[in-house]
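Participant: Sequence and predicted structure below; questions after.
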Amino acid sequence: MMQRIDYFVYDGVSSVDFGMRTYGLRVLTAPKPDISEIVIPGRNGVLHQYNDRFGDATVSYSVVAIEDALSSNVPLKVTDMIDYLISKKGYCRLEDSFRPEEYRMAVYKGSDRMKATMHEEAVGIVLTFSARPERWLKDGEIRRECKSGGALFNPTQFTAKPLLRAYGTGTLTVSNSAGSTSVKINSANVYTDIDCELQEAFKGAANCNGNIQLPSGDFPNLTPGENRFSYSGISRLEVVPRWYKI
């Protein structure tokens, strides 16, 4: 029976590509909600203001060589892997074999070498990343066609900010537990992408913010549970829901 080889993948490159495997994943600090506490003189306790955001998480992997840990090739493999991680700037996609159904966006922060008890050779390394709080579900990356009158079910406890692609002109509305939010598309070259996280409308590199209106002043979100879609004038709607957990 073959031994399972666990791994992580950072910006599309696997630890296995460097001859290294992971044998542990730790979330050293879990994301915490950003809450402001307001003290009112003469009133017991405090008021809590929720700022609708979470802090980053600290994630670490213990990584060792797939081959003999004391092989002379190990230090070189470790160095090559660290060089690659250091070369990346900003948040990059981080996924692993421990939770294959999800990924994070993370920044490499540094490493600590592990040594064998009786030797000076490095036999492994602990890699640390600072990750955005979201654990993005890969299922939420799938583009879905949504008919007018149809619905998508958000399986998480968190409100998602989807990417919508509407073909043609007209009005689309998303209705859920938070109410109804509409986008009116006045002009389009075949289709318009509406990014509800970035709060931008575009087609490729072309900015289309001037082609849309938001009657309620907000971009649509997908709340936990059922989210229904309706549209008129628009011929087709595709949705990338972007589900996530914390």
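Facilitator: All right, it came through fine.

Participant: The residue lying closest to residue 221 once chain neighbours are set aside and residue 103, how far apart?
Facilitator: Leaving aside its chain neighbours, residue 221 sits nearest to residue 159 (4.9 Å; criterion: Cβ to Cβ, 6 or more residues apart in numbering). (C-beta placed from N, C-alpha, C; glycine too.) In this view, residue 159 and residue 103 are 19 Å apart by Cβ to Cβ, to the nearest Å.

Participant: quick one: which of those two has more around it?
Facilitator: Using other Cβ atoms under 10 Å, the more surrounded residue of residue 159 and residue 103 is residue 103, with 20 against 16.

Participant: my guess is the more buried one contacts residue 92, does it?
Facilitator: No. With contact defined as Cβ atoms under 8 Å, residue 103 does not reach residue 92; the gap is 10.2 Å.

Participant: What pLDDT is listed against the residue nearest to residue 221?
Facilitator: pLDDT for residue 159: 96.

Participant: mind giving me the domain ranges of this structure?
Facilitator: 8-133, 138-245 (automatic domain parsing).

Participant: Compare the mean pLDDT across those and name the weakest.
Facilitator: Among those, domain 8-133 carries the lowest mean pLDDT, a mean of 82.

Participant: so how far is residue 148 from the residue lying farthest from the centre of the chain?
Facilitator: The C-alpha centroid of the chain is most remote from residue 42, which lies 43.2 Å away (Cα atoms, centre = their mean). Distance, residue 42 to residue 148, using Cβ to Cβ: 55 Å.

Participant: Same check on residue 53?
Facilitator: Distance from residue 53 to residue 148, by Cβ to Cβ: 33 Å.

Participant: same question, residue 33
Facilitator: Going from residue 33 to residue 148 by Cβ to Cβ gives 36 Å.
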